[in-house]
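>>> Fold the stuff below for me.
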Amino acid sequence: MTNDRYEKGWRKFKEIHGPVAKATVESLKDISPELGKFVTEFAFGDIYSRPGLELKTRQMLTIASLVTLGNAPLQLKSHIKGALNVGVTKQQIVEAILQMAVYAGFPAAMNAMYAAKEVFKDRERKRKK
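Presented below is the predicted three-dimensional model:
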């Protein structure tokens, strides 16, 4: 059963994050391969793969949560990229971050907006190459 969970999670992980999924799991192999396995199986296999919410909605909720936490900039950027990969628009991401200013405060929203700006610029730069 664990192998099925992993395979299901791996497919969803790649759908959202593309080649970054492999890089993420690989980057953990030398220190904690278990963490990469847990993230793949639980987060992407058990949670992201559930019916009931579209992948776009799950990504928006993840962005909102990470903005509110205010202490996970790498994951925030990764999930902004993932949201764009599954069809969330830049405008929707900006609006979600702006909404979080009410609940997480202006510093958290500003930091998240700067992260989004960086992701958008990087994506545009890569598209022009």
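
>>> start to end distance for stretch 29-38?
Counting by Cα to Cα, to the nearest Å, you get 12 Å between the two ends of stretch 29-38.

>>> Would you mark the buried spots in that stretch?
For stretch 29-38, the neighbour count (16 or more other Cβ atoms under 10 Å) marks 36-37 as buried. Using the backbone N, CA and C atoms, a C-beta is placed for each residue, glycine as well.

>>> which residues are in contact with that stretch?
6, 24-26, 28 (Cβ atoms under 8 Å, 6 or more residues apart in numbering).

>>> May I see those residues arranged in a markdown table, with distance to residue 37 and neighbour count as well?
Below are the contacts of stretch 29-38 laid out as a markdown table (distance: Cβ to Cβ, whole Å; neighbours: other Cβ atoms under 10 Å):
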| residue | distance to residue 37 | neighbour count |
| --- | --- | --- |
| 6 | 7 | 16 |
| 24 | 12 | 18 |
| 25 | 8 | 17 |
| 26 | 12 | 11 |
| 28 | 9 | 15 |
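
>>> List the ones among these that fall in helices.
Among those, the members falling in helices are 6, 24-26, 28 (criterion: DSSP state H).

>>> show me what contacts the residue nearest to the spatial centre of the chain?
In the chain, the centroid-proximal residue (Cα atoms, centre = their mean) is residue 79; its distance is 1.9 Å. Shown in contact with residue 79 (Cβ under 8 Å, 6+ apart): 59, 62-63, 66.

>>> again with residue 81
17, 20, 119, 123.
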